[in-house]
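# okay, structure incoming, though there's no sequence with it:
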């Protein structure tokens, strides 16, 4: 297993997280062991950014918070979901936005054990799963929108922020082991969930004027760091590299986002 040329580049892996303890227990030792085997080695750190309970999950804002927490000690960032484990993927320096997720993401179940329906990912265009970003480019696009609470559209909005500025992008066809979980973007019939429909409206409103939305991203994110602690599970080679940071955001979802998210998570709904 080898990586591309990345002399001296420091990688910061940011993992947005809440209520996925079983996935995190697999992710930490797996990724630690994966990076231990890389030749040449990559100087990396990992920040698990955990959102406190009480509000709908805000994946984009968590990625922004994680980026800000590690920006000063890194050269590029990998925005990484906790439910994808690398099998053969290239995390070396990328000089432009570069998704590295491919094999393993083609189809995912909407509700494992409760539905046989699956959703298909457009691998040619997706910016989700595992994305390498030079820190300077992350700043150039102002990071992710903070407006998407619950599920959906933060990755689509982010890709449009990049493409609207005509920033070149790359793509590496990495192989990953996916970890199954309920997909909040869909019902058990694979129809769009209530929160997905609301966030589609949020996305359409943000881009309705045909201009790149301004003032929504790294530049206006406000959060409190509630606590930080090591997160290495005692894994050999992981000590000092892994940290979990619990944060509280100082902005709130729209009422329709809160209502739709609650409706989707209500007992018996799906």
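Ah, there it is. Bear in mind the structure is a predicted one, so any value in this text is a computation, not a measurement.
# pLDDT below threshold where in the chain?
For the chain, applying pLDDT under 70 flags the ranges 1-7, 107-113, 115-120, 181-190, 232-238, 265-270.
# all helices of it, in order?
Listed in chain order, the helices of the chain (DSSP state H) span 21-37, 59-70, 135-140, 154-164, 194-206, 255-265.
# out of the ones you listed, which gets nearest to residue 105?
helix 154-164 (12.2 Å; CB to CB). C-beta here means a position set from N, CA and C on the backbone, and glycine is covered the same way.
# got the buried residues for the closest one?
Of all the residues in helix 154-164, those buried under the rule 16 or more other CB atoms under 10 Å are 154, 155, 156, 157, 158, 159, 160, 161, 162.
# residue 141: which of the residues you listed is nearest?
residue 161 (4.4 Å).
# residue 212 is nearest to which of the helices of the chain?
Closest of the helices of the chain to residue 212 is helix 154-164, at 5.0 Å (criterion: CB to CB).
# hang on, the earlier thing: residue 128: which of the helices of the chain is closest?
helix 154-164 (4.1 Å).
# the closest one packs against which elements?
Helix 154-164 sits against helix 59-70, helix 194-206, with contacts defined as 3 or more CB pairs under 8 Å, 6 or more residues apart in numbering; DSSP states H and E.
# looking at these, which one is packed in the most?
Stretch with highest mean neighbour count among the helices and strands packed on helix 154-164: helix 59-70 (a mean of 25; mean count of other CB atoms under 10 Å).
# who are the packing partners of it?
Helix 59-70 sits against strand 10-17, strand 43-51, strand 76-80, helix 154-164, strand 223-230, strand 242-249, with contacts defined as 3+ CB pairs under 8 Å, 6+ apart.
# touching that helix from outside, list them.
When contacts are defined by CB atoms under 8 Å, 6 or more residues apart in numbering, helix 59-70 is touched by residues 12, 14-17, 45, 47, 49, 51, 77, 79, 135, 138, 143-148, 154, 157-158, 217-218, 221, 223, 225, 245, 247, 249, 251.
# let's go with 7 Å and repeat that
The contact list for helix 59-70 (CB atoms under 7 Å, 6 or more residues apart in numbering) reads 12, 14, 16, 45, 47, 49, 51, 77, 79, 138, 143-146, 148, 154, 217-218, 221, 223, 245, 247, 249.
# please apply the same query to stretch 132-145.
60, 63-64, 67, 71, 74-79, 94-98, 100, 154, 157-158, 161-162, 165, 167, 206, 213, 216-219.
# nearest to residue 33 among the helices and strands packed on helix 154-164 would be which one?
helix 59-70 (21.5 Å).
# run the angle between the closest one and strand 76-80 for me.
On the basis of axes from the mean of the first three to the mean of the last three CA atoms, to 10 degrees, helix 59-70 is oriented at 150 degrees to strand 76-80.
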